[in-house]
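Asker: sequence plus predicted model, see below.
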Amino acid sequence: MGTACSCFEDPTKQQQRIEQDRRASEEARAKASEAAQRRQEQFEHSAAGRAARAQAAANAKKSAAANKGEPVLKWQMG
C-alpha cells in the first residue's frame, strides 16, 4: 500500500522526483518555445504577416510625420 503523505518518503526518491519534474518542465518550455518560434516565422512569411508589417511601418511613418514638433494638445483660454 502506498504512502499517503510525501513527508514519509525516502528523501532520495523525493529528490529524484523533484529533479525529474524539473527536467520535464524544461523540456516542455523548450518545445513550447520552438513551436512559438515556428509559428512566428510562418506568420512573418504569410500574406497576413507581410500586411501587418507594412501597416506597422506605415503607422510609424504617419505618426512621425504628423507631429512635427507641435504639441498634441493645445491649451486654449476662453
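Answerer: Arrived safely, thanks for sending.

Asker: the lowest-mean-pLDDT helix or strand in the chain - contacts with which helices or strands?
Answerer: Lowest on mean pLDDT, DSSP states H and E among the helices and strands of the chain sits helix 47-66, with a mean of 86. Helices and strands touching helix 47-66, as assessed by 3 or more C-beta pairs under 8 Å, 6 or more residues apart in numbering; DSSP states H and E, comprise helix 11-45. Just so you know, the C-beta spots here come from the backbone N, C-alpha and C atoms, and that holds for glycine as well.

Asker: who are the packing partners of the helix it packs on?
Answerer: Looks like helix 11-45 contacts helix 47-66 (3+ C-beta pairs under 8 Å, 6+ apart).

Asker: so what touches the helix it packs on?
Answerer: 42-44 (C-beta atoms under 8 Å, 6 or more residues apart in numbering).

Asker: okay, and for this protein, where does confidence drop off?
Answerer: Confidence mapping of the chain against pLDDT under 70 gives the ranges 1-7, 64-72, 78.

Asker: buried only: go through the contacts of helix 47-66 for me.
Answerer: Buried by 16 or more other C-beta atoms under 10 Å: nothing, out of these.

Asker: okay, those in CSV with distance to residue 12 next?
Answerer: Output for the contacts of helix 47-66, formatted as CSV (distance: C-beta to C-beta, whole Å):
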residue, distance to residue 12
42, 45
43, 47
44, 48
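
Asker: picking up where we left off before, tell me what angle the least confident helix or strand of the chain forms with helix 11-45.
Answerer: What separates the directions of helix 47-66 and helix 11-45 is an angle of 70 degrees, with axes from the mean of the first three to the mean of the last three C-alpha atoms, to 10 degrees.
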